[in-house]
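1. Structure for the following, please:
(one chain, ligands or ions: 1)
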Amino acid sequence: MKIMVSACLLGINCKYDGGNNADALVLSLVPGNEIIPVCPERMGGLPTPRVPSEIVGDAVRTRDGRDVTEAFRRGAQQCLELARREKPDLIILQPRSPSCGVSQRYDGTFSGQLTQGSGVTAALLMENGFAVTDAGHLRAYLTAHGLKRNGLSPETVQKAIAFRDERNWKQFHNPKDLAISLSLEAAELLEVFQWSGSDTGADGKMDKIREELADVLNYCILMADVCGLDLDDIVLEKLERNARKYPVELAYGNKAKYTELKREARKKKGKDQ
Ligand code: SF4
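-> Numbers count the residues shown, from 1 in each chain. I've put the predicted structure just below:
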């Protein structure tokens, strides 16, 4: 799927305060989909960091009263042109923003209050017939439109638990033995590649990989069940932590560990000053 996304949701530091709105569910869509990041305010020529803006009547104004309507319109128009060229299947935007807000936005009083209505870019994209949702409604949107993520459905998880319970095996499943079993299955997955020399691909190995990966996942389900952990929650929490450790602007195309990335960033900052 081709997806246009508010860049701040991907962990890119383009927010008015120089930060981002990294969103775990949005980030989970990055592998396997073609992602087109956009930041309409930056595309319209505004700097980062910048004074925050809100829609006030027919204009967009900064907190200190400057009219930035033209920059917002310019950014929205550029997003529209990009969308016309790229034809994304879905556009996911940051909620509440005067550019990207889809159904709500800040009310123009700079007090944190919300009002019904869209940001400038979201409105233009929707007027032109693009499928737009915001990150807050993304899970519901994906479910409603049958856009299956590459993941385990609740039915599959229930089947794995039922398989165990029909055999009365839960009595043997304690966290220690499940952790051992999980590691053994992971080792069997590794065994698929043993002695394969410089052949790092999966050609001719897929049947075995399917089988071993299924065993690993099955034990993940059983271990999470015994430990009372929700699989979605733990994976999404970890993705959020990893997004903070590996911000896109530091880690893009770079496999260094996060401590090394931070050291490189500090060194670069020192040189720039
Ligand atoms: S304009 Fe949109 S993409 Fe850019 S920082 Fe604001 S909400 Fe994020």
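2. the helices in the stretch 51-200 of the chain, which residues?
-> The residue ranges that make up the helices of the stretch 51-200 of the chain, judged by DSSP state H, counting those that start in this stretch, are 69-86, 120-127, 138-144, 154-166, 175-191.
3. Let me have those in JSON lines, extended by mean pLDDT and mean neighbour count.
-> Yep, even glycine has a C-beta here, placed from its N, CA and C like the rest. Output for the helices of the stretch 51-200 of the chain, formatted as JSON lines (pLDDT from 0 to 100; neighbours: other C-beta atoms under 10 Å):
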{"stretch": "helix 69-86", "mean pLDDT": "98", "mean neighbour count": "17"}
{"stretch": "helix 120-127", "mean pLDDT": "98", "mean neighbour count": "22"}
{"stretch": "helix 138-144", "mean pLDDT": "84", "mean neighbour count": "14"}
{"stretch": "helix 154-166", "mean pLDDT": "92", "mean neighbour count": "13"}
{"stretch": "helix 175-191", "mean pLDDT": "97", "mean neighbour count": "14"}
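4. Select, out of those, the one closest to Thr48.
-> Evaluated over those, closeness to Thr48 peaks at helix 69-86, with 12.7 Å, by C-beta to C-beta.
5. Show me how far that closest one is from its chain's centre.
-> 23 Å (C-alpha atoms, centre = their mean, to the nearest Å).
6. mind putting the helices of the stretch 51-200 of the chain in a markdown table, distance to the ligand included?
-> Shown next, in a markdown table, are those (distance: least, C-beta to the nearest ligand atom, whole Å):
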| stretch | distance to the ligand |
| --- | --- |
| helix 69-86 | 7 |
| helix 120-127 | 7 |
| helix 138-144 | 15 |
| helix 154-166 | 32 |
| helix 175-191 | 38 |
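7. Identify whichever of the ones you listed lies nearest to Ile35.
-> Across those, closest to Ile35 is helix 69-86 (C-beta to C-beta), at 10.7 Å.
8. Give the other helices and strands that the closest one contacts.
-> Secondary-structure packing of helix 69-86 (3 or more C-beta pairs under 8 Å, 6 or more residues apart in numbering; DSSP states H and E): strand 2-6, strand 34-38, helix 40-43, strand 59-62, helix 120-127.
9. For the protein, give me the ranges with low pLDDT.
-> Where the chain drops to pLDDT under 70, the residues are 148-150, 272-273.
10. Contact residues of it facing the ligand?
-> Applying C-beta under 6 Å from any ligand atom, one finds that the chain approaches the ligand through Ser6, Ala7, Cys8, Cys14, Lys15, Cys39, Pro40, Glu41, Gln94, Ser97, Ser99, Cys100.
11. ok, back up a step: could I get the helices and strands packed on helix 69-86 as JSON lines with distance to Val248?
-> Listed next are these as JSON lines, based on distance: least, C-beta to C-beta, whole Å:
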{"stretch": "strand 2-6", "distance to Val248": "11"}
{"stretch": "strand 34-38", "distance to Val248": "8"}
{"stretch": "helix 40-43", "distance to Val248": "14"}
{"stretch": "strand 59-62", "distance to Val248": "27"}
{"stretch": "helix 120-127", "distance to Val248": "20"}
